[in-house]
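Enquirer: Sequence first, then the predicted structure, then my questions.
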Amino acid sequence: MRAVESMVPTGNLQATFITYVLQLASLLVCIAAITPIVAYKNQKQTKLVDALRSLSMRSWAPLGAAAATGLSTLLFTSTFTTVGATRIV
């Protein structure tokens, strides 16, 4: 019974709910930022990156595009999450 009581918040429920929502949002932001890099790895394993390189694409371009996409996703989603959190509170 003590384990259940320790999980139930005793303070301000609204602040606790916002904290849980922001923790979930931060996990989703991390997943969204990592997804392009994982997609690049899968494309490399299926030889799609080699096919793109055969079309005179620079060797760093596919990885650079995946990294730029991941970083821009991280920037935009964390910005929108922060703005949304400050408007809620």
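Expert: Noted; the coordinates are in hand. Bear in mind the structure is a predicted one, so any value in this text is a computation, not a measurement.
Enquirer: so who does residue 29 touch?
Expert: Under the criterion of CB atoms under 8 Å, 6 or more residues apart in numbering, the contact list for residue 29 reads 74, 77, 78, 81. C-beta coordinates here come from the backbone N, C-alpha and C atoms, glycine included.
Enquirer: what do you get if the cut-off is 10 Å, keeping everything else the same?
Expert: Going by CB atoms under 10 Å, 6 or more residues apart in numbering, residue 29 touches 73, 74, 75, 76, 77, 78, 79, 80, 81.
Enquirer: which among those end up buried?
Expert: 73, 77, 78, 81 (16 or more other CB atoms under 10 Å).
Enquirer: check which helix or strand covers the last one.
Expert: Going back to what we said before, that points to residue 81. Per DSSP states H and E, residue 81 falls inside helix 61-88.
Enquirer: Same question for residue 21.
Expert: Per DSSP H and E: residue 21 is located in helix 13-45.
Enquirer: for the buried ones among the contacts of residue 29, which one is nearest residue 17?
Expert: Using CB to CB, residue 81 comes nearest to residue 17 of the buried ones among the contacts of residue 29, at 15.4 Å.
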